[in-house]
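> need a 3D model of the following:
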Amino acid sequence: MKIIIIGGGPAGMMAAISAKQKNSKNEVIILEKNDRLGKKLLITGKGRCNITSSLNIEDFIRNIPGNGKFLYSVFNEFDNKDIISFLHKQGLAVKEERGNRIFPITDKSIDVLNCFIKKIEELKITVKYNTKAEELLIDSNNEESKIYGVKTNKGNILSDRIIIATGGKSYPLTGSTGDGYTMAKKVGHSITELNPSLVPLEIYEKEDCKKIQGLSLKNIKIQILDKTKNKIIYEDFGEMLFTHFGVSGPIILSSSAHLIRYKNIKQLMKDKKILLKIDLKPVLEEEKLDNRILRDFNSEKNKQYKNSLEKLLPQKLKPLIIEKSSINKEKRVNEITKLERRKLVELLKDLEFYISKFRPIEEAIITAGGINIKEINPKNMESKKIKGLYFAGEIIDVDAYTGGFNLQIAYSTGYVAGRECDE
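Presented below is the predicted three-dimensional model:
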């Protein structure tokens with residue numbers, strides 16, 4: 001049997017390996033539009049590759065706001081333990097870090113990619129580089145449509161099975177330019193709305209952000225509210241980053257995956273109704289924080305307010321907090337009133353910014369939306385419309401928070417698509 005995989009990312013590589021391992025007589029070909037495999041894999045986890053998460057399957061599903069339940073079957077077939085085992089067999093050990101995140105022991109994504117490449121070479125899987133799939137070849141003469149090949153920039157290639165693993169529209173420089181959506185739509189598949197997910201957020205108070213851009217805050221709590229209902233949409237604890245346009249970092253990226261699904265979110269942002277609240281000292285209740293500030297002030301009573309707070313805040317954040325507190329910066333700290341101190345405490349527990357919009361999809365880590373899951377068999381990843389056509393990875397309308405979940409989706413859907421397409 002001849003099996004073509006369109007796309008050489010983690011989903012495509014795993015699909016190819018799985019198909020060849022299922023039956024060594026299968027002729028398996030990866031079509032890769034770039035001059036190398038796994039280009040996007042190399043930049044994941046800031047170049048370290050957050051391989052997967054150590055959480056159990058139920059917790060995995062809870063971290064996939066985009067149609068997580070659709071993935072129960074594939075996770076039961078190939079899960080986080082299986083990808084770790086695969087890498088171990090290729091000679092790469094892993095380690096677990098904060099937040100159940102699994103990384104290669106070497107902290108290098110290239111070592112993860114090399115495990116896939118090593119296996120692909122060992123199994124003698126053909127890789128055609130600089131080969132762009134342009135159109136699916138479908139036989140619709142019978143009662144059911146059936147795949148029989150693919151048109152590429154280098155001519156037609158006939159095939160018994162095709163797996164589309166082209167990724168989404170995020171990070172187009174890695175090759176994810178939405179080609180798979182176009183091909184699938186042309187043969188009758190519907191594509192749900194494509195949106196950026198795991199993407200930084202712009203805020204209205206850009207001037208404030210420019211003053212503290214590059215500042216990373218750890219162990220802080222955020223809440224994002226819909227001010228029209230005074231309703232908390234999302235809350236999290238962890239690390240975030242200020243940029244020249246707004247906010248980024250792990251908990252902000254995860255919030256975007258949730259926000260993108262909130263009703264009328266873009267209009268609410270446009271109307272300045274989506275509020276980001278940052279608790280800079282979440283482990284301290286207001287009274288304890290007030291006592292802490294009072295102790296600091298009492299230790300250096302004659303210090304001017306503008307020169308205080310160094311024990312409490314990062315140096316880069318101090319000027320903004322001092323400005324926003326509306327306390328005279330020239331004032332001696334022993335002259336600051338209880339009411340003024342109360343306002344400072346409230347500011348530290350509730351630093352507010354209004355979110356204006358999502359950054360462009362080109363800057364997103366993943367794409368929310370894709371091939372409608374109602375048109376894919378969840379047990380084998382085969383199209384319900386075209387016999388012999390399968391899907392794997394980000395092209396499907398499934399997406400998750402940060403933490404290795406999206407890569408696991410790629411491995412699991414790729415593994416099942418590759419194994420099942422031999423049936």
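> shaky segments in the protein?
For the chain, residues meeting the criterion pLDDT under 70 lie at 142, 423.
> now with 90?
For the chain, the stretches with pLDDT under 90 are 44-46, 98-99, 140-144, 170-177, 300-302, 421-423.
> got a list of what the spatially most distant residue from the centre of it touches?
In the chain, counting by C-alpha atoms, centre = their mean, Asn302 sits farthest out from the average C-alpha position, at 48.8 Å. Counting by C-beta atoms under 8 Å, 6 or more residues apart in numbering, Asn302 touches Arg332, Val333, Asn334. In this view, the C-beta of every residue, glycine as well, is placed from N, C-alpha and C.
> hmm, 7 Å instead?
Shown in contact with Asn302 (C-beta atoms under 7 Å, 6 or more residues apart in numbering): Arg332, Asn334.
> in a strand, it, correct?
No. Assessed with DSSP: H, G, I helix; E, B strand; the rest coil, Asn302 is coil; it does not lie in a strand.
> just the strands in the stretch 251-400 of the chain please.
274-279, 351-358, 366-368, 386-387, 389-391 (DSSP state E, counting those that start in this stretch).
> of these, which approaches Leu71 most closely?
Proximity to Leu71 (C-beta to C-beta) singles out strand 389-391 among the strands of the stretch 251-400 of the chain, at 12.5 Å.
> Ser254 and Tyr234, how far apart?
Counting by C-beta to C-beta, to the nearest Å, the gap from Ser254 to Tyr234 is 8 Å.
> out of those two, which sits in the more crowded spot?
Ser254 (23 against 18; other C-beta atoms under 10 Å).
> so what's that one up against?
Applying C-beta under 7 Å, 6+ apart, the residues near Ser254 are Asp236, Tyr401, Thr402.
> on that earlier part again, Gln213: which of the strands of the stretch 251-400 of the chain is closest?
The minimum distance between Gln213 and those falls on strand 351-358, with 13.2 Å, by C-beta to C-beta.
> and the closest one, what's buried?
The neighbour-count check on strand 351-358 (16 or more other C-beta atoms under 10 Å) flags Leu351, Phe353, Ile355, Ser356, Lys357, Phe358 as buried.
> partners of it, with directions?
Within its sheet, and counting by DSSP bridges, strand 351-358 is paired with strand 201-203 (antiparallel), strand 274-279 (antiparallel).
> who touches the first one?
Under the criterion C-beta under 7 Å, 6+ apart, residues 209, 245-247, 252, 256, 276, 353-359 lie in contact with strand 201-203.
> that strand: what's the following helix or strand?
Sequence-wise, the next helix or strand downstream of strand 201-203 (DSSP states H and E) is helix 206-212.
> okay, buried residues for the next helix or strand after that following helix please.
Using DSSP H and E, the helix or strand that directly follows helix 206-212 along the chain is strand 216-226. Within strand 216-226, the residues scored as buried using 16+ other C-beta under 10 Å are Leu217, Ile220, Lys221, Ile222, Gln223, Ile224, Leu225, Asp226.
> also stretch 277-297?
So for stretch 277-297, counting by 16+ other C-beta under 10 Å, buried means Lys277, Ile278, Asp279, Leu280, Lys281, Leu284, Leu289, Asp290, Arg292, Ile293, Asp296, Phe297.
> what is the burial count for Lys229?
Applying other C-beta under 10 Å, we find 10 residues neighbouring Lys229.
> which SS state does it fall under?
Criterion first, three-state DSSP; result for Lys229: coil.
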